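> generate a structure from the sequence data that follows.
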Amino acid sequence: MGDTLIIVFVIGLVAVLMFVFPLMTMSDRTDDIAQLTVEAATTDFVNDVSTTGILTMDKYSKFVENISSTGNAYDVEMQIRVLDENPGKKTTQVDSKKIGDNKYVDEYTTQVLEKLEKDGIRNLKEGDIFIARSKNISKTPSQQLSNFFYAVAGDDTYTIAAEHAGMVTVNGSGK
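Next comes the predicted model:
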């Protein structure tokens, strides 16, 4: 009777080692590939907007489509830090002809998308800063397996995320 229990236990252990761990390893590699894809797409999106000075709904849609091709759903956030040049003169600096402080006014995702939906284009000027963030909101197979075996990930965790920022180098003309 004792030998039978040991044999059943060994067969169960072998099954786990032969099937579950390779499955977990492959799903982890899939997450790694998705991470690289999202990082590259986010970097390309920000660099494109930064070097052209133009953000369009088409560019945004293509970006969302690119990251969604990994099979996951993503929360995409955008932020535009608009350079607001203060025309006041500074008298405390050595150079009295220097024009005042440069301040930034922030626009966030909902404001940016409202302008894009209304006008179809958002022209940026030199000195503005464009930031894009994306993180997965759907459970990946790796997360599901980890939750099943280890119960380590909660509902609000994500495994795939990317953020990139760039300063606009040209004035967007929108033509």
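> worst-scoring helix or strand of this protein, pLDDT-wise?
Of all the helices and strands that make up the chain, helix 141-149 has the lowest average by mean pLDDT, DSSP states H and E, namely a mean of 73.
> so which bits of that one are buried?
The neighbour-count criterion (16 or more other Cβ atoms under 10 Å) identifies 141-143, 145-146 as the buried residues of helix 141-149. C-beta: built from backbone N, CA, C; applies to glycine.
> and stretch 65-75, by the same measure?
Within stretch 65-75, the residues scored as buried using 16+ other Cβ under 10 Å are 66-67, 70, 72, 74.
> what about it, start to end distance?
12 Å (Cα to Cα, to the nearest Å).
> so which residues make contact with it?
When contacts are defined by Cβ atoms under 8 Å, 6 or more residues apart in numbering, stretch 65-75 is touched by residues 33-34, 37-38, 41-42, 64, 76, 134-138, 140, 160.
> in three-state terms, label Ala162 for me.
Applying DSSP: H, G, I helix; E, B strand; the rest coil to Ala162 yields a three-state assignment of strand.
> re the thing from before, how about the least confident helix or strand of the chain as CSV, C-alpha atoms only?
Taking only C-alpha atoms (Å, rounded to 0.1, in the frame of the first residue of the first chain), the coordinates of helix 141-149 have been written out as CSV:
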residue,chain,number,x,y,z
PRO,A,141,-1.1,33.7,-19.1
SER,A,142,2.0,34.0,-16.9
GLN,A,143,0.1,36.0,-14.4
GLN,A,144,-2.7,33.6,-14.4
LEU,A,145,-0.4,30.6,-13.8
SER,A,146,1.5,32.5,-11.1
ASN,A,147,-1.8,33.4,-9.4
PHE,A,148,-2.9,29.7,-9.5
PHE,A,149,0.3,28.3,-8.1
